[in-house]
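Enquirer: coords below, sequence missing:
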């Protein structure tokens with residue numbers, strides 16, 4: 001068995017997708033920023049983007065291409081209204097989709113909001129060694145995603161698996177996920 005790994009701060013960017021929020025009223029983006037910093041990670045950038053497929057893709061593409069950005073948290077635009085377009089914007093940019101994220105998010109949400117959980121189109125994926133997590137735009141949804149899934153997956157000490165070795169390739173020798181035995 002390998003020695004215990006130490007916590008490694010991850011470089012995180014936060015995007016809020018909204019047509020109605022401003023920097024002053026973006027409580028979910030602020031919630032995520034606070035959570036990232038409280039956990040000891042580095043906030044590389046935080047932006048507010050209109051709910052427009054091409055604006056979302058433009059910012060996200062820049063972050064995916066930037067070796068400094070290792071993880072992206074996107075809040076908003078995952079519902080079913082005519083303007084909700086985050087999944088459509090980000091999925092074409094994924095090299096691999098993390099199917100289990102949406103499944104687990106909805107499972108955890110079911111315990112909080114019952115069958116309304118089916119209206120969440122939370123998605124996640126990997127692109128150019130950057131992990132991207134998309135979640136609904138409420139503070140409660142951000143807390144569900146962060147506390148129930150993302151925090152441990154951005155923690156190098158979480159066993160048996162986490163995304164840190166995959167996304168910090170330039171700073172850490174990538175290792176395979178430890179055995180579940």
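Expert: Yes, it's here. Since the structure is predicted, the reported quantities are computational estimates derived from the model, not experimental observations.
Enquirer: secondary structure element for the residue nearest to the spatial centre of the chain, which one?
Expert: Nearest residue to the geometric centre of the chain (CA atoms, centre = their mean): residue 133, 2.4 Å. Counting by DSSP states H and E, the element that carries residue 133 is strand 130-135.
Enquirer: next: residue 58.
Expert: Here residue 58 is assigned to helix 53-65, by DSSP H and E.
Enquirer: just residue 89 next, same as before
Expert: helix 86-90.
Enquirer: where does the chain dip in pLDDT?
Expert: For the chain, applying pLDDT under 70 flags the ranges 1-4, 170-181.
Enquirer: and the strands in it?
Expert: Using DSSP state E, the strands of the chain run over 11-17, 42-49, 71-75, 96-97, 123-127, 130-135.
Enquirer: now the helix holding residue 58: buried residues?
Expert: 56, 57, 59, 60, 63, 64 (16 or more other CB atoms under 10 Å). For glycine as for every other residue, the C-beta is placed from the backbone atoms N, C-alpha and C.
Enquirer: pull the longest helix from this protein.
Expert: helix 99-113 (DSSP state H).
Enquirer: hmm, who's touching it?
Expert: If you take CB atoms under 8 Å, 6 or more residues apart in numbering as the criterion, helix 99-113 is touched by 116-118, 120-124, 133, 135, 140-141, 144-145, 148-149.
Enquirer: and with 10 Å instead?
Expert: 78, 87, 98, 115-125, 131-136, 138, 140-141, 143-145, 147-150, 153 (CB atoms under 10 Å, 6 or more residues apart in numbering).
Enquirer: so how do I select the buried members of those residues in PyMOL?
Expert: Command for PyMOL, covering only those of those found buried under the criterion 16+ other CB under 10 Å:
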select buried, resi 78+87+98+117+120+121+122+123+124+125+131+132+133+134+135+136+141+143+144+145+148+149+150+153
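Enquirer: show me the contact partners of stretch 20-27.
Expert: 14, 16, 18, 28-30, 32-33, 46-48, 50-51, 75-76, 83, 137-139, 142.
Enquirer: how about it: buried residues?
Expert: 21, 26.
Enquirer: kindly check the end-to-end length of it for me.
Expert: 12 Å (CA to CA, to the nearest Å).
Enquirer: same thing with stretch 70-85?
Expert: Across stretch 70-85, first to last residue, CA to CA, it's 23 Å.
Enquirer: tell me how far that stretch lies from the chain's centre.
Expert: 11 Å (CA atoms, centre = their mean, to the nearest Å).
Enquirer: can you check stretch 62-80 too?
Expert: How far stretch 62-80 lies from its chain's middle: 7 Å, per CA atoms, centre = their mean.
Enquirer: mind listing what's buried along it?
Expert: 63, 64, 69, 70, 71, 72, 73, 74, 75, 76, 77, 78.
Enquirer: count of neighbours near residue 81?
Expert: Residue 81 is flanked by 9 other residues according to other CB atoms under 10 Å.
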